[in-house]
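Visitor: predicted model and sequence follow; I will ask about them next.
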Amino acid sequence: MGRRSIALEDTVKVRNAAAVQLRTLLKRYDLAEFQAQTHAAEMVDTLAGFVRDITLPAEFRAKCANDVLDRGYGKPASKARVEIIDTTAQGASGRAIGDEIEAAIMSAEVFQRLSELTMKQIPFDQWPEDVRAAAQGMDAFFTEEK
């Protein structure tokens, strides 16, 4: 096989064709948009960092969280919304909402243990003291012969 020889005119034509294609691409694509897209993941990480920072105001954190969701699911993000609760605010019982949440968690844990003990058919007098105290007033039900 022999070498191909490319005439000088052909290289000029190829170069001109490439330049036309490049100009066409640049007209159709916004370089600033491309530059912004290269930083998009980093910006989402920054917003997520703000959401996790509990020292920032709750409203700002909620807005950042919703901005991340809007980016991920489209705007408005219809699949999920974030609301950050002020745990120091007064709840329905007159106590702080954070205290109400803690009480609900503790109650759920006690009921879970109570459920496990009854399913395993462990006699009431062998239950841990804290579970017996929580079941106060119901001991007749649990000690009753079936």
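Guide: Sure thing, it's come through.
Visitor: count the neighbours of His39 for me.
Guide: 10 (other Cβ atoms under 10 Å). Any C-beta I mention is one placed from the backbone N, CA and C, and that applies to glycine too.
Visitor: what of Arg61?
Guide: Neighbour number of Arg61 under other Cβ under 10 Å is 19.
Visitor: can you pull the contacts of it?
Guide: Phe50, Val51, Asp53, Ile54, Ile84 (Cβ atoms under 8 Å, 6 or more residues apart in numbering).
Visitor: assumed it was part of a helix.
Guide: Yes - judged by DSSP: H, G, I helix; E, B strand; the rest coil, Arg61 forms part of a helix.
Visitor: what's the spacing between it and Leu69?
Guide: Remark: distance between Arg61 and Leu69 (Cβ to Cβ, to the nearest Å) = 13 Å.
Visitor: what's Ile101 sitting at in phi/psi?
Guide: Ile101 adopts backbone torsions of phi -60, psi -50, taken as degrees, to the nearest 10.
Visitor: so it sits against Thr87, correct?
Guide: Yes - in this structure Ile101 lies within contact range of Thr87 using Cβ atoms under 8 Å: 7.0 Å.
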